[in-house]
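S.K.: sequence? don't have it. structure:
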């Protein structure tokens, strides 16, 4: 497995692979890899000849009071995990090689990004779309794999790719949960002791919503209220949002159509911001 | 010469050319081709195996009260001119095939775009960067040629290409003037009779500025004032801006360095907005 640290070297490697008619898959990550990421790698490998995992804690997708400095960094461990899973290239650039001091260009998606996490993290998605566009231009993948844990992010990226005619197939990979239901996330590292149990409330509450729909409820407000009430069982949880959206686009829906809608939630658990979602 | 009207066909053609190791040059235009455009085509041909000219009057780079509907459209004549100059492909898509009704993504350059024309046309450059990003993704050129008549536009595009790691070489092609000094522009079609003579004031005023610098003047304010005074000789001209900027980046300068600075001007001549520039 190669570890590449400069955009120039990555770009040259990809150009060579493309000349050899190799199909390239990219799994963009911020590192701190868990089984969720590793499942994306498996999907990438099935859909390509060369699998590239980028590890880059992207400063522009963090707000001024968010956890950019605290975000877990463990490049050696991550590289080992990638190697163990058969990755061909880990691309781990320095922030200074991705963003010039006087960088002044960004890619902005303005509809899907305005909802859900975009409301409480107003500059987050422009950071995501910009860095993903940059990574696509450097790595030139045929396929890129994103996890459904960040369902809104996948919707935003699919919209960007469609609108700007980027020549990349986006694969939406299933969310991976622990046995107790907790959605895998690098930010789970912030949770300790009782917090880890409380965090299961998120998936529990989504299951409550899903059960209501399975039992025939089609009233969006009632489903939302049930999810909120379920979350409220823990006093440590403060709800940021609970929304029912289109499962594909993450845009608001007026009708609850089973299989086509997604419940998306974000909460504060003490000092940690957690998100989860489930197709209803 | 091929005329291609859909992004899908253009993209497939480019992919085929790249598989054959052909170097592709793109000349993005809004049509109404004049000798200025044709000089860009000549440069493109010298730098590639396949020359693509895109003809697309891009709605998103016109403001709400600008001349989008009036902008000259003459596809047949343009195609003939391209064929005569040895162009391989004219790419002339419909606006509806470039912009979906619910398109919500754009590429924004926020520093260079804020000056000069960006002040009076606040959404212009985001329209330009977005459509150029789209055209690059569809045509996948190795090289793209832009005319120095729109010097700020070239600076904005070079910044975008650098910031987003687009794999395209940008060639800045020299401005072409009529014998009387008037910079070639599709918008010159709006000018009639005396207006065509008055329009020569723009290049005359720039020559006044250039002569001052050649005679040793290094005072930016004095050079600007001389250009403004020269423009003011015609009562039909209303100055939008006269600025001395860095010749490469189009950003404001504090010192006037001969050969490294550019005088950039925009005026209204009756109802027509004209721009011109000259390296001092």
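M.R.: Nice, thanks for sending it over. Nothing here was measured: the structure is a model prediction, and the numbers come from that model.
S.K.: For the stretch 1-150 of chain A, what lies in contact range of chain B?
M.R.: A:7, A:11, A:100, A:102-112, A:129-130, A:133-134, A:137-138, A:140 (C-beta under 8 Å from any C-beta of the partner chain). C-betas here are computed from N, CA, C, even on glycine.
S.K.: let's go with 7 Å and repeat that
M.R.: Residues of the stretch 1-150 of chain A lying close to chain B (C-beta under 7 Å from any C-beta of the partner chain) are A:7, A:100, A:103-112, A:133-134, A:137-138.
S.K.: which pair in the residues you listed spans the largest distance?
M.R.: Across the residues of the stretch 1-150 of chain A next to chain B, no pair lies farther apart than A:7 and A:111, at 29.9 Å, counting by C-beta to C-beta.
S.K.: Give me the buried positions along the helix or strand where residue A:13 lies.
M.R.: Assigned by DSSP states H and E, residue A:13 belongs to helix A:7-19. For helix A:7-19, a neighbour-count test (16 or more other C-beta atoms under 10 Å in any protein chain shown) marks A:7, A:10-11, A:13-14, A:17-18 as buried.
S.K.: and what of stretch A:228-242?
M.R.: For stretch A:228-242, burial by neighbour count (16+ other C-beta under 10 Å) applies to A:230-231, A:234, A:237, A:240-242.
S.K.: Quick one: residues contacting the residue in the stretch 151-280 of chain A that chain B sits nearest to.
M.R.: Ranked by C-beta to the nearest C-beta, the top residue of the stretch 151-280 of chain A for proximity to chain B is residue A:163, at 3.7 Å. With contact taken as C-beta atoms under 7 Å, 6 or more residues apart in numbering or on different chains, residue A:163 is in contact with B:100, B:103-105.
S.K.: Residue A:262 too?
M.R.: By C-beta under 7 Å, 6+ apart, the contact set of residue A:262 is A:151, A:245, A:247, A:277-280.
S.K.: if we go to 6 Å?
M.R.: The neighbourhood of residue A:262, defined by C-beta atoms under 6 Å, 6 or more residues apart in numbering or on different chains, consists of A:245, A:247, A:277, A:279.
S.K.: in chain A, which spans are strands?
M.R.: Here chain A has its strands, by DSSP state E, at A:2-4, A:24-29, A:50-55, A:89-91, A:105-109, A:143-147, A:169-173, A:237-246, A:261-269, A:272-279.
S.K.: Which member of the residues of the stretch 1-150 of chain A next to chain B is positioned nearest residue B:80?
M.R.: Distances from residue B:80 to the residues of the stretch 1-150 of chain A next to chain B, taken as C-beta to C-beta, are shortest for residue A:137 (35.6 Å).
S.K.: Which positions in the stretch 151-280 of chain A make contact with chain B?
M.R.: Residues of the stretch 151-280 of chain A found near chain B (C-beta under 6 Å from any C-beta of the partner chain) are A:160, A:163-166.
S.K.: If you rank those residues by neighbours, which is first?
M.R.: When neighbours are taken as other C-beta atoms under 10 Å in any protein chain shown, the top entry among those is residue A:160 (28 neighbours).
S.K.: domain ranges for chain A?
M.R.: A:2-173, A:186-279 (automatic domain parsing).
S.K.: Of the ones you listed, which is nearest residue B:83?
M.R.: Nearest to residue B:83 among those is domain A:2-173; the distance by C-beta to C-beta comes to 26.2 Å.
S.K.: pLDDT on the closest one, on average?
M.R.: Averaging pLDDT along domain A:2-173 gives 97.
S.K.: cool, and stretch A:178-188?
M.R.: Across stretch A:178-188, the average pLDDT comes to 97.
S.K.: Also stretch A:230-246?
M.R.: Per-residue pLDDT values across stretch A:230-246 average out to 97.
S.K.: Need the residues that contact that stretch.
M.R.: A:116, A:120, A:198, A:201, A:205, A:208, A:220, A:224, A:227-228, A:252-253, A:261-270.
S.K.: ditto for stretch A:94-104
M.R.: Contacts for stretch A:94-104 (C-beta under 6 Å, 6+ apart): A:6-7, A:59, B:109-111, B:163.
S.K.: try it again with 10 Å
M.R.: A:5-8, A:10, A:54, A:56-60, A:93, A:130-131, A:134-135, A:138, B:108-114, B:156, B:159-160, B:162-165, B:249, B:251 (C-beta atoms under 10 Å, 6 or more residues apart in numbering or on different chains).
S.K.: which stretches of the stretch 1-150 of chain A form helices?
M.R.: For the stretch 1-150 of chain A, the helices defined by DSSP state H, counting those that start in this stretch occupy A:7-19, A:35-46, A:75-84, A:95-98, A:117-120, A:124-139.
S.K.: Centre of the chain to the helix holding residue A:13, how far?
M.R.: Mean-position distance between helix A:7-19 and its chain equals 25 Å (C-alpha atoms, centre = their mean, to the nearest Å).
S.K.: try stretch A:224-234
M.R.: 24 Å.
S.K.: one step back: need the buried residues of stretch A:228-242 in a markdown table (columns: distance to residue B:79).
M.R.: Shown next, in a markdown table, are those (distance: C-beta to C-beta, whole Å):
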| residue | distance to residue B:79 |
| --- | --- |
| A:230 | 64 |
| A:231 | 62 |
| A:234 | 68 |
| A:237 | 64 |
| A:240 | 55 |
| A:241 | 53 |
| A:242 | 56 |
